[in-house]
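1. Any chance you can model this:
(4 chains, ligands or ions: 2)
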Amino acid sequence: MSRYTATTPEDLQSMLAAIGVSSVEELFAAIPDGVRLRRDLDLPPGMPEQDVYEHLLSLARRNTCAEDEVTFLGAGMYDHYVPAVIDMLLGRSEFLTPYTPYQPEISQGGLQVMFEYQTAISELTALPVSNASVYEGPSAVGAAGYLAKLANGRRRFVVSRGLHPHSRETLRTLSHGYGTEVVEVPLRDGVTDQEAWAAAIDDETAAVFLQQPNFLGAVEDAHALAQAAKASGAVVVGSYDPIPLAILAPPGDCGVDVAVGEGQSLGNRLDFGGPSFGFFAATEAYLRRMPGRIAGETHDVDGRRGFVLTLQTREQHIRREKATSNICTAQALNALAGVVYLSWLGREGIVELAELLLQRTAYAREALCAVEGVAALHEQPVVREFAVQLDVGGLEGVRRVIDRCQDAGVNPGYALGRDLDEHPTGLLVAITEQRTREQIDRLAGMLGAAIAAERAGEREEVRA
Amino acid sequence: MSRYTATTPEDLQSMLAAIGVSSVEELFAAIPDGVRLRRDLDLPPGMPEQDVYEHLLSLARRNTCAEDEVTFLGAGMYDHYVPAVIDMLLGRSEFLTPYTPYQPEISQGGLQVMFEYQTAISELTALPVSNASVYEGPSAVGAAGYLAKLANGRRRFVVSRGLHPHSRETLRTLSHGYGTEVVEVPLRDGVTDQEAWAAAIDDETAAVFLQQPNFLGAVEDAHALAQAAKASGAVVVGSYDPIPLAILAPPGDCGVDVAVGEGQSLGNRLDFGGPSFGFFAATEAYLRRMPGRIAGETHDVDGRRGFVLTLQTREQHIRREKATSNICTAQALNALAGVVYLSWLGREGIVELAELLLQRTAYAREALCAVEGVAALHEQPVVREFAVQLDVGGLEGVRRVIDRCQDAGVNPGYALGRDLDEHPTGLLVAITEQRTREQIDRLAGMLGAAIAAERAGEREEVRA
Amino acid sequence: MSARLEEIPITSAGATPMQRDPAVTIFEKGAAGRRAFHCPEPGVPARDPDELLPRHLRRREPARLPEVSEPELVRHYVRLSRRNFDLDSGFYPLGSCTMKHNPRLHERVAALPGHARLHPLQDPRRAQGALELMWNLERALAEIAGLPHVVLQPSAGSHGELAGVLLTRAYHESRGERRTKVLTPDTAHGTNPATVTMAGYEVVKVGTNPDGGVDLEDLRAHVDDQVACLMLTNPNTLGVFDTNIEEIARLVHDAGATLYYDGANLNAVMGKSRPGDMGFDIVHYNLHKSFTQPHGGGGPGAGPIAVSDRIEPFVPHPVVTCTQTPDGPVFGLDDDRPQSIGRLRGFQGNYGVFVRSYAYIRSLGAEGLRDVSETAVLNANYLLARLRELVGDALPLAFGERCMHEFVLSGAPMKKELGIRTLDLAKRLLDHGFHPPTVYFPLLVDEALLIEPTETETKETLDAFAEAIAAIVAEAREDPNIALGAPYTTPVRRLDEAAAAKHPVIRQAR
Amino acid sequence: MSARLEEIPITSAGATPMQRDPAVTIFEKGAAGRRAFHCPEPGVPARDPDELLPRHLRRREPARLPEVSEPELVRHYVRLSRRNFDLDSGFYPLGSCTMKHNPRLHERVAALPGHARLHPLQDPRRAQGALELMWNLERALAEIAGLPHVVLQPSAGSHGELAGVLLTRAYHESRGERRTKVLTPDTAHGTNPATVTMAGYEVVKVGTNPDGGVDLEDLRAHVDDQVACLMLTNPNTLGVFDTNIEEIARLVHDAGATLYYDGANLNAVMGKSRPGDMGFDIVHYNLHKSFTQPHGGGGPGAGPIAVSDRIEPFVPHPVVTCTQTPDGPVFGLDDDRPQSIGRLRGFQGNYGVFVRSYAYIRSLGAEGLRDVSETAVLNANYLLARLRELVGDALPLAFGERCMHEFVLSGAPMKKELGIRTLDLAKRLLDHGFHPPTVYFPLLVDEALLIEPTETETKETLDAFAEAIAAIVAEAREDPNIALGAPYTTPVRRLDEAAAAKHPVIRQAR
Ligand SMILES: Cc1ncc(COP(=O)(O)O)c(C=O)c1O
Ligand SMILES: Cc1ncc(COP(=O)(O)O)c(C=O)c1O
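-> Ligands and ions are numbered 1, 2, ... in the order given. This is a model prediction of the structure:
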């Protein structure tokens, strides 16, 4: 017996007898000698629960988390407050432990959650079709690409550089597999260059990809970008941040065909990057090309309303090599957190939240740009995140400035230079409802001091 | 609508109409003007969930808890590891939110838990009768006194000074109400002075009270103490620490009539002193004199096994002024933690745990007594806690020594002088399975250094 | 019988589903040698156990605790939990118990290590957060009750009552008086008289007038210099606010007695009226009622008390202190209280409960708390109105015209005309997925139904409940046997309580 | 129909109780203006919203999200949860899914703020604990699989498969080869062929031999220089360990192709045999199967991959690095991987899943993991033996004599002789309180039942399940209609899946 097994010596004897063998070893006889492991695995010995807890606690303590510093770090995942009801509901065995609902009669809870989730995403995106979740944001962009590739068989993707670097790269990785090429369209004044965009699109364009708000926090004119692609027959894919979507023109109203995005900010923890979920919504036209699970409403033999996994002929377990995707296990529990969070915010609440972010972000942008050595990176409208440049030479200078601030307990944001050569001194600053005015003012003060110190340091070097 | 209410303006109008009033104010018409509050309560304004969380987190951070220091503090509550299954089970709405099970048909879960809990306590104490919990340890001692008072109507309690100071004091407080006097029997060599004990007991003695292990951590000869009282017809009450009970002669085998105790160490958090639970077990003779809820087995109209609250004619809601106690709401959820913890430890596990404490405590006692300036306070057998004296003049010196150690991250234990004038320089040191040899060695080292520093300090003063 | 279940109409609420398989206890599961716990190594030089603990002090036979694996343990208790109805399953209008929503935020903050893993004997200088929380909670509760001093120590309402009566005793004794009696109305909760006896006083009952308040004549007849205290609940257990409260206070005080406020019904008057302003000397709160500590199936709770200046010297210790210093307030625990009645329990009380109720008060603030009481009273009166309209004849209101946060119906006419008792109505409600109201309390109402909806319920829920009651009454007119045989959908059906009491089986046989 | 429920025999296990009231969605509840969320004040000088966000970029109509109070929200989802069967309710022998006990310790440690509130872009120097955890997990997984390099990034098994096939492509391309085909046995899980297509390869099926292993002849016939890879599960989805694995590896490698290990069935061989030693080049793990990440009703999971040296240059980045320094190891993230296939997703993968699986491996250690596989195989063979004994004729084992951690029965005889199909048996099992096995997979077995008990179940549970199956078979001999009409005790009964697909209703109508 180890930690979670229960075979007593008596059990073992009667079980071996029933099987008709004299030892457990015999049950492994099928494994050829040549591939049998004749030693113990080289692993640390097992530990009692209390020691495992202590060990994991000590590891946790060696991380600086959002409770240990005032963080303005975003760039794809955001430190929103996760309401306590979510912990309680996700902790319930009935939601936490079941497998994918293959037996609908005893899985109506999970199936109805999917149905409600699909409805919420459909409302948010103003698109009629949503699946029950995909892995996360960037891979959802890749999945949208595969949908387009299967839909029109064309060979090129046109991608705005406003997309999150991880999304662009994931798309490249997958494209290399299913055989499409990727061309990128640069930004101008912080938003996708509309001329370059239009010029890049032709009848070989399988899909175009924009992000809203884009990686620099700027609100794109999604409608204009979508329309520019319409004529070509390319699939218009938009990657959205769901919370700003509460006040931004939704994809469905802009001519976007497929809307995807990272769902973390909807009631999911940061978790160092996962698990969260990706949402995937589309127009009616792509209903039967959707990847992943979709719950549908139906009735039972007694006429009672019920829910099932539907349109499964799209899926790998039925369609195998002809499936619209290979996805099987997705992110159901995280999607549950998403729909609970959206219901918790409610129809009015989500708008209030987004308007709150709009106001505080504007305040923060102004406060930071008033700091000596800080300048706006673009003037576009922003909702929850904005980009500035720091007058500190280059990426290394930015890193040192960030470091100084973190040593003082404030994480000022993300160094854009880590991904974008065109913005070596860029800093991306994110605001959530947990970042107060007082914290923003503190950031401004610290940033000023850190930049001054950095420049002083530079001058030193110059002299030396 | 405030945080948890749901009355929309439309609801309000139709509800007022149905009632036949024009305003909510009218519904309070019965309250005389002279006693109406015509202003807002003077309280801080309400806060959103995230701000309440932040506030409570900031308060929590201003406490030094068992995760922030290596603590040897015990003296009634102990830093045992609480297994994760307990959080999960106690967090389930089905256990967390119901009231006392007044409707047995829909409360079988809670009632069976009580029945299982009673069985576990009965096993641990070797007494046939257990109730479903009382508030906590010291008040359980007081409740035992009331049982004795009602049982034999005598007027005096004989109490060993080995009882926890809080127990002795609670007993005095309640005795003053129901009209009994309390005489205390001193300890000798760390355990109850058997001669003084025997001498104090007579036919006016309603009950005698001992604690096992006693407040100094010493194992009493409970059997001898109980027998000494038998002839007098006094009720023998023992207050037990449940974990050492795994290896100590149980009350039922020693002639103890009523066994009570603090249940915190059975799967309950420290919680700065509560909520935990008190257990209350007795011989068959006192079945109908027990305080509090008792679950009993029975069957339903279809012959199915079921459980109900039973022997309720003892209780306040039936018997009112003639009730055996006034207790109503007790500690059901904490008792659930108790029975889950005991089941988690299991028949063999609890013995292993107690033997582990026995060994580590012996090691710690030896290690500390080897430190310059530290001496054993008594030589009696100990299981999980022991007392030493520090050669530092007095209580204030001990406090300063403790303070020095805490500044260095180790809480060496409890200053006995806080409660016991006879032991001004006593220190009570508790061991749990979470205190490792390495931590014990660290304590020994620190204690030595702190005592040395304290004495140096004293010398300074003398000189000055 | 349950075969009939499907033919028996259930409202759309639907019964809450529960495990219906035979009850098997944890002691009947598992197998010898199974375990969930894996013990750490001692890691110290092994000593002879018998040398450390002599045989004569040792246990001879191990306690026969369960032997189960962790998966067995989890399944057993998860399945058991499914045999409970709970507040998150549906409506729970259990009168006098204030079954309001339990916010999960409170569980989250109470679980923070800084609160949950704080040792009660930690040096106060290293527990400033906890003491500040207690101090703030005391201040807030004092303001709510309108009395200057609060002590949080008591563990529940009845514990608070005991503290209160012992304080009364200490107060009188300090003035050289030895009074012998305590007055309690016949509407009083059982804990009141039980407490009085425990505190060494004689209980004297006071009658109730036709409006449901204290019978002033009867009160005048009984209040004399032997009376130490009058214990009152206001609004009382009929849901009636005593309009004579000022007169009552005068009578009691003129007799030199104290006036005690049983705070179980505070949910009706928060921010609307304060016991202190009504003239009460001592108040207890039920944090597990008005301030939403989850009930846990029978606790934990907390019963803090508030007192007037003249009672303050006697309060239980330790008392939380707050000293202003140049660098902010410093909090402490004061044990040096010469006149104190002493301790009622160990340590500082049920701190984990304080954390939850404090979080609640900080979430709601003054406005929120007033809204709580206004909505509680609105919901109760709305439900009363709906029931009057639907079943007014079978289940009339016992006293008065309206109610505060709860109300009492009498099932007497129903019993007489339809042949089903309040108990049958309650059991039939189980099949409709509702928790029944409190039944057969208060005692002075024949076939009483005490209904308290609380403020956190929606109008839809109140309507559904009223319609369920109406459906049951209508059903009984057709065929009373259905209610008499109820419930049908529960894990077990009506249980033989007499048998349980006659031949008590209160532990698993070995 | 369900009226008959009570006359229909149910085993003592009893059906798990569930809400049986009509389904109402959260969008159909609540009322305009209700809410749980209370928004903080902006607390900054208010600016004109339209100036900050011009009208033409703005949403015209708010999304129609639910409008419910917190109590309504909680009750809705708590009641919904009661419409799910789960692992803590009872036995869940869903073949290929390894539904083993989910220790709650893992939820506790994953929720520690230092893990749960750590931002993925935190400076690695300030995330040393997380990176050390990932490093340690990689090392442990590498040892378990017997391959030197592990990357944790993929989000699930199928994602790991995609990584693996893309790695195969990168590997061949690096050697100037453009192969076009990938071989998958007909026992393969659907994700295998689907992955192959997604990665731009053509799927070629390989047959199965009478023992349930790969048909070597067929393999020889298909493996040529156009074959990039053979994807294999071993033991495969029949629960059969392929005794020819060494020969298979030789054939594949001789053809210059890679050998891919679908790790879904790793639970059978931990500490007993290692894919790396079998000759596999690339392995994926299902942390949500073998390493007990709870399934969450369909995720989250994680599908780390292990690779051999020749594949290592191409692995997805970032890669966790460990540098020894005077003051201990320092961990980092390496993005500078010129030959890498790139990213498969954002950030570093499902870290929260890593925490749980790491806690699991540290709890069990080498001995514990071996015990896991030994007990999983023991339980499977015991259940197989019991079923053989009780219903061997109606439900024969599809291949071989014994099994590894799972086994496949064929319902063909039962269908022929008793007139009930595997589906009916599965539905009838619901009334007995068991989750049915995986049905109609693998495809090559007629009326397949794929049964995986896992190591965390007790003998008693296996016996009860075997007896339930026997009872159903016996019942069907008497009256097949009972099974054909099942289930009876569930919130809904058999659902019309055809109607759902024909006229899809996949969101709440407005
Ligand atoms: C009116 C009244 N008084 C006192 C009490 C006793 O409170 P507790 O159960 O907290 O001891 C109750 C609880 O039911 C009550 O309703
Ligand atoms: C044999 C096999 N391979 C692959 C998979 C796919 O794994 P996942 O669901 O994690 O994508 C599964 C899961 O059911 C499986 O059983």
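2. For C:Met270, give me its contacts.
-> Listed by Cβ atoms under 8 Å, 6 or more residues apart in numbering or on different chains, the contact partners of C:Met270 are B:Leu41, C:Ile144, C:Ser290, C:Leu369, C:Arg370, C:Val372, C:Ser373. (C-beta placed from N, C-alpha, C; glycine too.)
3. quick check, nearest of those residues to D:Val445?
-> Sorting these by distance to D:Val445 puts C:Val372 at the head of the list, at 62.1 Å, by Cβ to Cβ.
4. Nearest residue to the closest one in space, please, no chain neighbours.
-> Counting by Cβ to Cβ, 6 or more residues apart in numbering or on different chains, C:Val372 lies nearest to C:Glu455, which is 5.0 Å off, once chain neighbours are set aside.
5. Over to C:Leu162?
-> Of all residues not flanking C:Leu162 in the chain, C:Thr195 sits nearest, at 5.1 Å (Cβ to Cβ, 6+ apart).
6. Show me what from the stretch 51-200 of chain A comes close to chain B.
-> A:Tyr53, A:Leu57, A:Glu67, A:Tyr81, A:Pro83, A:Ala84, A:Met88, A:Gly91, A:Arg92, A:Ser93 (Cβ under 8 Å from any Cβ of the partner chain).
7. which among those residues end up buried?
-> A:Tyr53, A:Leu57, A:Tyr81, A:Pro83, A:Ala84, A:Met88, A:Gly91, A:Arg92, A:Ser93 (16 or more other Cβ atoms under 10 Å in any protein chain shown).
8. how near is the fifth one to A:Tyr341?
-> This means A:Ala84. 12 Å (Cβ to Cβ, to the nearest Å).
9. One more: the first one?
-> Here A:Tyr53 is placed at a distance of 28 Å from A:Tyr341 (Cβ to Cβ).
10. Show me what the longest strand belonging to chain A pairs with in its sheet, parallel or antiparallel.
-> The longest strand of chain A (DSSP state E) is strand A:205-212. Using DSSP bridges, the strands paired with strand A:205-212 are strand A:156-160 (parallel), strand A:235-240 (parallel).
11. Return the per-residue confidence for the residue of chain C found nearest ligand 1.
-> Relative to ligand 1, the nearest point of chain C is C:Gly157 (2.4 Å; Cβ to the nearest ligand atom). Looking at C:Gly157, its pLDDT is 98.
12. With C:Asp21 instead?
-> For C:Asp21, pLDDT reads 80.
13. Report the beta-bridge partner residues of the residue nearest the centre of chain A.
-> Note on chain A: the residue nearest the mean C-alpha position is A:Glu262, at 3.0 Å, using Cα atoms, centre = their mean. Beta-bridge pairing of A:Glu262 under DSSP bridges involves A:Gly278.
14. Ok, A:Phe209 next?
-> Where A:Phe209 sits in a bridge, its partners, by DSSP bridges, are A:Val159, A:Val237.
15. Quick check: the residue nearest to A:Pro45 when sequence neighbours are not counted vs D:Tyr358, distance?
-> Excluding its sequence neighbours, the residue lying closest to A:Pro45 (Cβ to Cβ, 6+ apart) is D:Gly365, at 4.4 Å. Distance of D:Gly365 to D:Tyr358, given as Cβ to Cβ: 12 Å.
16. before we move on, back to that, what backbone torsions are found at the residue of chain C closest to ligand 1?
-> Main-chain torsions, C:Gly157, degrees, to the nearest 10: phi -60, psi -50.
17. list the contacts for it?
-> B:Cys328, B:Thr329, C:Thr191, C:Asp262, C:Gly263, C:Ala264, C:His284, C:Asn286, C:Lys289, C:Gly301, C:Gly303.
18. try 10 Å this time
-> When contacts are counted by Cβ atoms under 10 Å, 6 or more residues apart in numbering or on different chains, C:Gly157 touches B:326-329, C:189, C:191-192, C:195, C:262-264, C:284-289, C:301-303.
19. what subset of those is also close to ligand 2?
-> When contact is defined as Cβ under 6 Å from any ligand atom, the contacts of C:Gly157 do not meet ligand 2 at all.
20. Who are the contact partners of the spatially closest residue to C:Arg428 that is not a sequence neighbour?
-> In space, and not counting its chain neighbours, C:Arg428 is closest to C:Ala486: 3.9 Å by Cβ to Cβ, 6+ apart. The contact partners of C:Ala486, by Cβ under 10 Å, 6+ apart, come to B:105, C:1, C:8, C:420, C:423-432, C:472, C:475, C:493-494.
21. Pretty sure C:Arg178 sits against C:Ala228.
-> Yes: using Cβ atoms under 10 Å, C:Arg178 is in contact with C:Ala228, at 9.1 Å.
22. the more surrounded of these two?
-> Set C:Arg178 next to C:Ala228 and count neighbours by other Cβ atoms under 10 Å in any protein chain shown: C:Ala228 wins out with 28 against 9.
23. rewinding a little: return the closest of the buried ones among the residues of the stretch 51-200 of chain A next to chain B with respect to B:Leu124.
-> For those, the residue nearest B:Leu124 by Cβ to Cβ is A:Tyr53; the value is 25.9 Å.
24. Taking the stretch 351-464 of chain A, what residue is nearest to ligand 2?
-> Here the stretch 351-464 of chain A gets closest to ligand 2 at one residue, A:Asp419, 28.8 Å apart by Cβ to the nearest ligand atom.
25. Could you do the stretch 401-510 of chain C as well?
-> Nearest residue of the stretch 401-510 of chain C to ligand 2 (Cβ to the nearest ligand atom) works out as C:Pro491 at 35.1 Å.
26. where does that residue land on pLDDT?
-> For C:Pro491, the model assigns a pLDDT of 90.
27. Report the secondary structure element holding it.
-> Under the criterion DSSP states H and E, no helix or strand holds C:Pro491.
28. Could you report the neighbour count for it?
-> Using other Cβ under 10 Å, C:Pro491 has 27 neighbouring residues.
29. which SS state does C:Glu161 fall under?
-> Secondary structure, DSSP: H, G, I helix; E, B strand; the rest coil: C:Glu161 is helix.
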